[in-house]
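Engineer: Build me a model:
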Amino acid sequence: NYTVKETKAPEGYTLSKDTIALFVSQNNETYYYKIDDVKIKGTIELQKIGEDGKPLQGAEFTVYQQLDTLFKNPLYVALSDVSGLVQFQNVVYGNYIIKETKAPESYNLSSQILTAAISEDGVVVKANPNSISDTKIRGTISINKTSVNGNAIQGAVYTIYDSNGKAVTTAVSGADGIASFTNVVYGSYTVKETKAAVGYNLSDKVIPVQVTENGKTYDLGNIPNTQITGGIKITKTDASTSAPVPGATITVYNKDGSKVGSGVEGKTGTDGTVEFDNLRYGDYYFLETNAPEGYLLNTDKHAFSIKDNGVILKDSLADTRITGGIKITKTDASTSAPVPGATITVYNKDGSKVGSGVEGNTAADGTVEFDNLRYGDYYFLETNAPEGYLLNVDKHFFSIKDNGVILTDSLTDTRITGGIKITKTDAST
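Structural biologist: Predicted coordinates:
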């Protein structure tokens, strides 16, 4: 009687536990028995994590024979679970290589190769290395910011929002007009301008963009902005009467005194106003550069600023009329002595009254003065002679052209003269 059992299994197989009872009863007899060996099988485990070190679900890993370096013959496939665990069960005896064959959505596929060996039955082995991390897909979003004429605009602020409408980050356009968002993680976004560059209107354009490829630059193209423009309406009035003053030339300058473009000027109309439109954002001043006839030039600088698009500012300035006067001396034609009491009246050149009437009497020194006569042409004449004098009906023309100047003139009166014839008679005869 004999017993037979396996004492050493072939490589890759488990040692059989079967025992064969054998009784040899005949000479030269061959006895045949079958004993089945079971292949060694084990479990390979690894941990899948994200770039933040947290477990990552949904990554696909594939096991290959160690010599299958071209990864042509996949043997086992497993996915990472919610805890990031990847487990290959019932892997037969052998040496293996493992690679990630499909990354979870929004992650880059890892190029790292892991190794593992199954040499003992029923054993759980850890892959080497035991954990592997994936990085998020990231891209760049680029915007080109220009004016409507193609010039780069610096200082425009853009904000990107995630799919929930939450602001993620901002970027500012540089001197080249480019605003770039770098390292933007996989996802759906919208981009819009949230603060315009100085002097420009805010764009209302909202641009959707999806970041799906790692390292890709998503060029959203050129987003032009219009410049802020406004204007100013200037009213020119008479300083004393507040009446509109037409014909005044008003010129607009930049704050530093330079011309605006090739020059911006205009004349007040019959209503005393002049309007300047399409002035770009900035600081300016205006002043009168040519006064209408009869007025003094107002040299005051009136500063103003264009800050809001489409707004027409309002301002005014007053002109002072040129005024002057005349001092008239009345003398005796024969003696040149001053003649008081003569009434002198001033008329407009056309013979109409000046205002409600301008007249006066010569004083003891023979003079009379008329002040505050407006720029223009006049004449004066004697309208009432003093007692004993003939009325001088000559018109004396004069003009007020220069402010504050008192002209001088004179006229003479001729005394009334006559005679007497006396007859002498005898008292008795």
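Engineer: okay, and for the stretch 51-200 of the chain, where does confidence drop off?
Structural biologist: Applying pLDDT under 70 to the stretch 51-200 of the chain picks out no residues at all.
Engineer: Helices of that one, start to end?
Structural biologist: Ranges of helices in the stretch 51-200 of the chain, per DSSP state H, counting those that start in this stretch: none exist.
Engineer: Return the residues in contact with the residue lying closest to Leu407 once chain neighbours are set aside.
Structural biologist: Leaving out its chain neighbours, the residue that sits closest to Leu407 by CB to CB, 6 or more residues apart in numbering is Ile326, at 4.3 Å. No exception for glycine: its C-beta is placed from N, CA and C like everyone else's. Contacts of Ile326 were listed using CB atoms under 8 Å, 6 or more residues apart in numbering, and they are 346, 369-370, 373, 378, 380, 398, 406-409.
Engineer: tell me which element Ile326 falls in.
Structural biologist: Secondary-structure element containing Ile326, defined by DSSP states H and E: strand 323-332.
Engineer: Please export the C-alpha coordinates of that strand as CSV.
Structural biologist: What follows is strand 323-332, C-alpha atoms only, in CSV (Å, rounded to 0.1, in the frame of the first residue of the first chain):
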residue,chain,number,x,y,z
THR,A,323,-18.5,151.6,-23.6
GLY,A,324,-17.0,155.0,-23.6
GLY,A,325,-18.0,158.6,-23.4
ILE,A,326,-17.6,162.1,-24.7
LYS,A,327,-16.9,165.4,-22.9
ILE,A,328,-18.2,168.5,-24.8
THR,A,329,-17.1,172.0,-24.1
LYS,A,330,-19.4,174.9,-25.0
THR,A,331,-17.8,178.3,-25.6
ASP,A,332,-18.7,181.7,-26.7
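Engineer: Going along the chain, name the strands of the stretch 101-250 of the chain.
Structural biologist: 113-118, 124-134, 138-147, 157-161, 167-172, 178-185, 187-195, 206-211, 217-225, 229-238, 249-254 (DSSP state E, counting those that start in this stretch).
Engineer: what's the first one packed up against?
Structural biologist: With contacts defined as 3 or more CB pairs under 8 Å, 6 or more residues apart in numbering; DSSP states H and E, the packing partners of strand 113-118 are strand 41-50, strand 85-92, strand 94-102, strand 124-134.
Engineer: one more time with 6 Å
Structural biologist: The helices and strands touching strand 113-118, judged by 3 or more CB pairs under 6 Å, 6 or more residues apart in numbering; DSSP states H and E, are strand 94-102, strand 124-134.
Engineer: Kindly report the same for the third one.
Structural biologist: Packing partners of strand 138-147 (3+ CB pairs under 6 Å, 6+ apart): strand 178-185, strand 217-225.
Engineer: quick check: angle from that strand to strand 157-161?
Structural biologist: 140 degrees (axes from the mean of the first three to the mean of the last three CA atoms, to 10 degrees).
Engineer: Now do the contacts for Val124.
Structural biologist: Neighbour list for Val124: 43, 45 [criterion: CB atoms under 6 Å, 6 or more residues apart in numbering].
Engineer: what's the burial count for His358?
Structural biologist: Check again: residue 358 is Val, not His. Neighbourhood size, Val358 [other CB atoms under 10 Å]: 18.
Engineer: is it in a bridge, and if so with what?
Structural biologist: Val346 (DSSP bridges).
Engineer: do you know how far it is from Ala239?
Structural biologist: Separation of Val358 from Ala239 (CB to CB, to the nearest Å) stands at 21 Å.
Engineer: in terms of contact, does Pro340 touch Asn361 like I think?
Structural biologist: No: contact criterion CB atoms under 6 Å: Pro340 and Asn361 do not qualify, at 7.5 Å.
Engineer: coming back round to it: identify, from the contacts of Ile326, the entry nearest to Tyr32.
Structural biologist: Closest approach between the contacts of Ile326 and Tyr32, by CB to CB: Leu373, at 151.6 Å.
Engineer: what pairs with that closest one across the strands?
Structural biologist: Going by DSSP bridges, Leu373 forms beta bridges with Gly324.
Engineer: and if you look at Asp315?
Structural biologist: Ile234.
Engineer: Switch the helices and strands packed on strand 113-118 over to CSV; also include distance to Gly310.
Structural biologist: Listed next are the helices and strands packed on strand 113-118 as CSV, based on distance: least, CB to CB, whole Å:
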stretch, distance to Gly310
strand 94-102, 56
strand 124-134, 53
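Engineer: how about the ones you listed, which one is nearest Thr3?
Structural biologist: Short answer: strand 94-102, nearest of the helices and strands packed on strand 113-118 by CB to CB, at 32.6 Å.
Engineer: In that closest one, which residues are buried?
Structural biologist: 94, 96-100 (16 or more other CB atoms under 10 Å).
Engineer: Among these, which one lies nearest to Asn151?
Structural biologist: Nearest to Asn151 among the buried residues of strand 94-102, with distances taken as CB to CB, is Glu100, at 48.6 Å.
Engineer: got a markdown table for the strands of the stretch 101-250 of the chain, with distance to Ser25 too?
Structural biologist: Putting those into a markdown table (distance: least, CB to CB, whole Å) gives the following:
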| stretch | distance to Ser25 |
| --- | --- |
| strand 113-118 | 44 |
| strand 124-134 | 48 |
| strand 138-147 | 81 |
| strand 157-161 | 91 |
| strand 167-172 | 89 |
| strand 178-185 | 81 |
| strand 187-195 | 82 |
| strand 206-211 | 83 |
| strand 217-225 | 88 |
| strand 229-238 | 120 |
| strand 249-254 | 127 |
